[in-house]
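1. Fold the following.
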Amino acid sequence: MIRLDDITVCYRKHPAVHHVSGTFTAGGLTAVVGPNGAGKTTLLKAITGLQPLTTGKIVADGAIAYLPQLAELDRQFPLTVSELVLSGAWQRKGGFASLAGDEATRTQSALDRVGLSGFGERPISTLSGGQLQRARFARLLVQDTPIILLDEPFNNIDTRTRDTLLHILEHWRDESRTVAVVVHDMGIAHSHFPETLLLAHEVIAWGPTAATLDPANLDRAQQMTEYWQNDAPWCARP
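-> Below you'll find the predicted structure:
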């Protein structure tokens, strides 16, 4: 569970996330959607502690795993696939986890689940975009946290990989984990996410996906993002 209590995040006094309150529930699978520049990535970073709050409070009932956008990963960093996946154990065991014993078994099991059996010794620089995203999901499986936040994990990957990753999300939901995912494709939000947060700096709607993504709410979100006064004084809004 993650509870947001009236949180605001500002850059140079300009609000990117504006007085947001609500709860991501345990066992919930929530899409976070909104126009470009609506504060979606900022919200996830605030929950993880990577972006400080300006006001408000966040309460999380367990460790958090965060998957940033694929473009943020340095693909030339000299790691093998197994080393990347194993790094998910560091949060559970610290920096002394090694590819041996239980962790070796856990790493191989995660690679098997994402369809990368036999890829362990390959450098990550040799992977396609879809393969790399599978490896990053394997890392999340090894990390094994009760809360999982993903930023646009389905962008620029093939359909088969997308379906594999969606199946993993549904498995996490069945395990009563808290899963929140920034989603660009409204079709995926409708078909795979029971709950949706529609964000345009502030909450436009948050609840069952069909009701949240009705045309009136989507129009309101677009208008809020287009006319948000980024050059205005503290916490101004249109």
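2. ok so residue 115 is a strand residue?
-> No - per DSSP: H, G, I helix; E, B strand; the rest coil, residue 115 lies outside any strand segment and is coil.
3. burial measure for it, as a count.
-> Close neighbours of residue 115, defined as other C-beta atoms under 10 Å, add up to 15. In this view, the C-beta of every residue, glycine as well, is placed from N, C-alpha and C.
4. measure it to residue 218 for me?
-> Here the criterion is C-beta to C-beta, to the nearest Å. By it, residue 115 lies 34 Å from residue 218.
5. which helices and strands does the helix or strand hosting residue 140 pack with?
-> Residue 140 belongs to helix 129-143 when assigned by DSSP states H and E. Identification of packing neighbours for helix 129-143 by 3 or more C-beta pairs under 8 Å, 6 or more residues apart in numbering; DSSP states H and E yields strand 64-67, helix 81-86, helix 101-113, helix 159-174.
6. and that helix, how far out from the chain's middle?
-> Centroid separation for helix 129-143 versus its chain: 13 Å, with C-alpha atoms, centre = their mean, to the nearest Å.
7. could you check the angle helix 159-174 makes with it?
-> Angle, helix 129-143 to helix 159-174, by axes from the mean of the first three to the mean of the last three C-alpha atoms, to 10 degrees: 20 degrees.
8. So what touches helix 129-143?
-> Contact partners of helix 129-143, identified using C-beta atoms under 8 Å, 6 or more residues apart in numbering, comprise 65, 67, 70, 73, 75, 81, 84-89, 91-92, 103, 106-107, 109-111, 113-116, 119, 124, 127, 148, 153, 156-158, 160-161, 164-165, 168.
9. Just the buried subset of these, please.
-> Buried members of the contacts of helix 129-143, scored by 16 or more other C-beta atoms under 10 Å, are 65, 67, 70, 73, 81, 84-89, 91, 103, 106-107, 110-111, 113-114, 116, 119, 124, 127, 148, 153, 157, 161, 164-165, 168.
10. quick revisit: let's test this: mean pLDDT of the helix holding residue 140, rounded?
-> The average pLDDT within helix 129-143 is 97.
11. Against residue 53, how distant is residue 71?
-> 25 Å.
12. which of these two has more neighbours?
-> residue 53 (18 against 10).
13. Now the more buried one: phi and psi?
-> Residue 53 adopts backbone torsions of phi -80, psi 150, taken as degrees, to the nearest 10.
14. same question, residue 148
-> Per degrees, to the nearest 10, the backbone of residue 148 is at phi -130, psi 120.
15. So what's the predicted local confidence for it?
-> At residue 148, pLDDT is 98.
16. now do residue 235
-> On the pLDDT scale, residue 235 gets 50.
17. Kindly report the same for residue 95.
-> 58.
18. follow-up on the earlier one: possible to save the helices and strands packed on helix 129-143 as TSV with distance to residue 35?
-> What follows is those, written out as TSV (distance: least, C-beta to C-beta, whole Å):
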stretch	distance to residue 35
strand 64-67	22
helix 81-86	32
helix 101-113	34
helix 159-174	22
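19. Mind listing residues that contact the helix or strand of the chain with the lowest mean pLDDT?
-> Ranked by mean pLDDT, DSSP states H and E, the helix or strand of the chain with the weakest confidence is helix 90-93, at a mean of 74. Under the criterion C-beta under 8 Å, 6+ apart, residues 63, 65, 97, 103, 143-145 lie in contact with helix 90-93.
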